[in-house]
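> sequence first, then the predicted structure, then my questions.
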Amino acid sequence: QVQLVESGGGLVQTGGSLRLSCAASGRNFSDHAMGWFRRAPGKQREFVAAISGAGAYTHYADSVKGRFTITRDNAENTVDLLIENVMPEDAAVYYCTADTHISILIAGSPGRWGRGTQVTVSP
């Protein structure tokens with residue numbers, strides 16, 4: 001089983017950038033697609049980005065395309081989410097996720113979740 005721990009959240013100014021990281025422990029990290037979801041206050045959880053096991057394929061929510069970049073390092077068992085040109089609506093708890101099937105992950109039901117990291121956006 002893959003265990004996930006997020007880091008890198010915090011306070012960021014509108015227009016700034018922030019990098020979230022997720023460290024995975026367990027076996028066969030490269031067999032898992034990885035992804036990020038977020039939940040803003042008063043809103044439903046939403047898919048943000050996903051990356052295939054080998055890193056060759058990425059998929060983003062329309063709302064973050066061009067500003068978010070997901071990458072992974074299979075040697076280090078990590079996946080990062082770079083957030084650029086931060087906007088107030090990016091404020092949320094961000095969750096790292098994993099699943100052996102990227103389609104299941106993107107559909108909103110990944111098998112593994114981290115506990116989340118808070119991103120707060122200041123004016």
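That came through, no problem.
> helix or strand next in line after the host helix or strand of Thr71, which one?
Assigned by DSSP states H and E, Thr71 belongs to strand 68-73. Going down the chain from strand 68-73, the next helix or strand is strand 78-83, by DSSP H and E.
> so which elements touch that following strand?
Strand 78-83 sits against strand 18-25, strand 33-39, strand 46-51, strand 68-73, with contacts defined as 3 or more Cβ pairs under 8 Å, 6 or more residues apart in numbering; DSSP states H and E. For glycine as for every other residue, the C-beta is placed from the backbone atoms N, C-alpha and C.
> coming back round to it: so the strand holding Thr71 versus strand 78-83, what angle?
Counting by axes from the mean of the first three to the mean of the last three Cα atoms, to 10 degrees, strand 68-73 points 160 degrees away from the direction of strand 78-83.
> pLDDT averaged over strand 68-73 - what is it?
Taken as a whole, strand 68-73 carries a mean pLDDT of 98.
> residues contacting it, please?
The list of residues contacting strand 68-73 from outside it, by Cβ atoms under 8 Å, 6 or more residues apart in numbering, reads 34-36, 48-51, 55, 58, 60, 78-84.
> ditto for stretch 94-103
Taking Cβ under 8 Å, 6+ apart as the rule, stretch 94-103 contacts 2, 4-6, 9, 20, 22, 24, 31-39, 45, 48, 50, 52-53, 57, 59, 79, 81, 105, 109-119.
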